[in-house]
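**Q** Give me the fold of what follows.
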Amino acid sequence: MIGAFITGTDTDVGKTHITCALAAELAREKRVAAVKPVESGCTEGPGGLVASDAEKIAAAAGGWQSADGRCLYRFAAPLAPAVAARLVRRSVDIAECVGFVKAVAAEADLVLVEGAGGWRVPLTDEETIADLARRLGLPVLIVGRAGLGTINHTVLTAEAVARDGCELLGVVLSVRPGDSLSAAMSNADEIARQIRPSIVSLVRDQGDVAAVARRLLDHF
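**A** Residues are numbered from 1 along each chain as shown. As a prediction, this is how the structure comes out:
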């Protein structure tokens, strides 16, 4: 299976935005599958719960995936998946998540798998996003904020990824309109200094993600 696992340093750091941009860029050359196996905070739709993040990334990849090939577990409560599942007396099966990703990936040249929140977010009573990433065996791309606080959060996440035996593909700092570019560049330099030889990229728009996409393609 070829692709990348996209995790965040926290929730709402721009993970879905970066995954969409990366999927759209890669889809210029490859058949790309983009999936989010577990999503909480889903909204009610005509046919049931709608996983908006999963829908966005699948659309960015070309929109060819079936409705059932975008997200496996959908929960309404905007909480960690294990907690949201508990509220409705359900549980997440990581083995099923792995099988789901592999089945969708088999129809594509490469797969992008978006996690839920950060690296230690619980999926079950005993397993976290880290366990899912490790079982998938895909290199990990960390997405973090570009502003204040990101050095600590990003370096700690990178250390956890390495300690868990996963390969670190790189780090992307998502630069938002209100962010200071000079501060973002300084943060990126410091993160790169601490976690070398990993590559740290700043992404402000679709054009900036091209280098990240090329790195992923060259990786294989």
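**Q** only C-alpha atoms for contact and neighbour calcs from this point on.
**A** Noted.
**Q** Could you pull out the helices in the chain for me?
**A** Here the chain has its helices, by DSSP state H, at 15-26, 52-60, 81-87, 94-105, 129-136, 150-163, 181-195, 210-219.
**Q** tell me the most buried of the ones you listed?
**A** Burial of these is given as mean neighbour count (mean count of other C-alpha atoms under 10 Å); helix 15-26 ranks first at a mean of 24.
**Q** Mean confidence (pLDDT) on that helix, please.
**A** Regarding helix 15-26, the rounded mean pLDDT is 96.
**Q** Equivalent analysis for stretch 133-152, please.
**A** 96.
**Q** Straight-line length of it, end to end?
**A** End-to-end distance for stretch 133-152: 22 Å, by C-alpha to C-alpha, to the nearest Å.
**Q** same thing with stretch 40-50?
**A** By C-alpha to C-alpha, one end of stretch 40-50 lies 10 Å from the other end.
**Q** How far off centre is it?
**A** 20 Å (C-alpha atoms, centre = their mean, to the nearest Å).
**Q** again, but for stretch 57-72
**A** Put simply, stretch 57-72 sits 15 Å off its chain's centre (C-alpha atoms, centre = their mean).
**Q** farthest residue from the center of the protein?
**A** Pro46 (27.1 Å; C-alpha atoms, centre = their mean).
**Q** Quick check on that one: phi, psi?
**A** Main-chain torsions, Pro46, degrees, to the nearest 10: phi -60, psi -30.
**Q** Next, the angle helix 52-60 makes with the longest strand along the chain.
**A** As assigned by DSSP state E, the longest strand anywhere in the chain is strand 110-118. Here the directions of strand 110-118 and helix 52-60 differ by 160 degrees (axes from the mean of the first three to the mean of the last three C-alpha atoms, to 10 degrees).
**Q** Perfect, that will be all.
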